[in-house]
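Asks: Could you look at this predicted model? Sequence included:
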Amino acid sequence: MVAERYHEIQKRVEAACARAGRRTSDVTLIAVSKTKPVEMLKEAYAAGARDFGENKVQEILEKSPALPEDIRWHMIGHLQTNKVRQTVGRACLIHSVDSVKLAREIEKEAAKHNMQMPVLLEVNVAKEESKFGFYLEDTEAALREIAAFPHVNIQGLMTIAPFVENPEENRQIFRELYQFFIDIKSKNVDNVNMNVLSMGMTGDFEVAIEEGATMVRVGTGIFGERQIRENI
Ligand SMILES: *Cc1c(COP(=O)(O)O)cnc(C)c1O
């Protein structure tokens, strides 16, 4: 079941890339496995998934020992500063840097490991009160501050678009973030590589790809509905 769904989503990713005149290899499909058991992750792995997304570091710690080592674990959920220690060095990419304070904690921890931690800045494009992330107009200043941390490597931006019935309603949001992404990229800020644009979920990943996403985070579409209605 998981394998069929994974292949189906992959096909839709490919079709969206074709419509947008983009290469399939430009878009990474992240299988969002939060709340799902290891058995289901194994099925996705067997179907070809190598990038998995979790919103709690605890789940990465619990699941990863039972799974192959070549899996790339993406931290996509809001990260509390007291969880940074467990996350740095385990996640390949933290998508959810939403404050300078959090980035500073990551800096400290990455320095201890003598590594550079790849991160994305989360942007709350629609200014939803229920969501984390920088407002678009505050993002450049925050990015410049965080870029000064030598052990934090900003690789791009992430957004969680509003929950909508019709994905077309989010097209403008994705477009705005893409414009900003291109704008920042052209400024060539030291210690910043604007290469990753993480946007699009089960309900709207095709529109996100058409508007420039390089990573899409798909949970329900691959693993089915979640029992727990978690905060994202
Ligand atoms: C849960 C989650 C997703 C996946 O959502 P689906 O609608 O199930 O595809 C994507 N991104 C983040 C940050 C999430 O927390």
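Replies: Structure received. Numbers count the residues shown, from 1 in each chain.
Asks: Could you pull out the strands in the chain for me?
Replies: With strands called from DSSP state E, the chain shows them at 28-32, 51-54, 72-75, 93-97, 117-122, 152-158, 192-198, 215-218.
Asks: can you redo these as JSON lines with mean neighbour count?
Replies: C-beta coordinates here come from the backbone N, C-alpha and C atoms, glycine included. Output for the strands of the chain, formatted as JSON lines (neighbours: other Cβ atoms under 10 Å):
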{"stretch": "strand 28-32", "mean neighbour count": "25"}
{"stretch": "strand 51-54", "mean neighbour count": "23"}
{"stretch": "strand 72-75", "mean neighbour count": "23"}
{"stretch": "strand 93-97", "mean neighbour count": "26"}
{"stretch": "strand 117-122", "mean neighbour count": "24"}
{"stretch": "strand 152-158", "mean neighbour count": "24"}
{"stretch": "strand 192-198", "mean neighbour count": "20"}
{"stretch": "strand 215-218", "mean neighbour count": "25"}
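Asks: how about the residues of this protein near the ligand?
Replies: 32, 34, 55, 76-77, 160, 201-203, 217-221, 232 (Cβ under 6 Å from any ligand atom).
Asks: mind redoing it with 5 Å?
Replies: By Cβ under 5 Å from any ligand atom, the residues of the chain that approach the ligand are 32, 55, 76, 201-202, 217-220, 232.
Asks: To Glu169, which of the strands of the chain lies closest?
Replies: When those are compared by Cβ to Cβ, strand 215-218 sits nearest Glu169, at 17.2 Å.
Asks: residues in contact with the closest one?
Replies: Counting by Cβ atoms under 8 Å, 6 or more residues apart in numbering, strand 215-218 makes contact with 9, 13, 27-32, 51, 53, 74, 76, 95, 158, 196-202, 205, 208-209, all of which sit outside it.
Asks: how does it look with 6 Å?
Replies: The contact list for strand 215-218 (Cβ atoms under 6 Å, 6 or more residues apart in numbering) reads 9, 28-30, 32, 53, 76, 196, 198, 200-202, 205, 208.
Asks: Return it as PDB; C-alpha atoms alone will do.
Replies: In PDB, the C-alpha atoms belonging to strand 215-218 read as follows (Å, rounded to 0.1, in the frame of the first residue of the first chain):
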ATOM      1  CA  MET A 215      11.800  19.900  -1.900                       C
ATOM      2  CA  VAL A 216       8.200  18.800  -1.300                       C
ATOM      3  CA  ARG A 217       7.100  17.300   2.000                       C
ATOM      4  CA  VAL A 218       4.400  14.600   1.500                       C
END
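Asks: tell me the mean pLDDT for it?
Replies: Strand 215-218 comes out with an average pLDDT of 98.
Asks: Output the below-cut-off pLDDT ranges for the protein.
Replies: 228-232 (pLDDT under 70).
Asks: which one's the longest helix in it?
Replies: helix 2-20 (DSSP state H).
Asks: helices or strands up against it?
Replies: helix 38-46, helix 205-210, helix 220-223 (3 or more Cβ pairs under 6 Å, 6 or more residues apart in numbering; DSSP states H and E).
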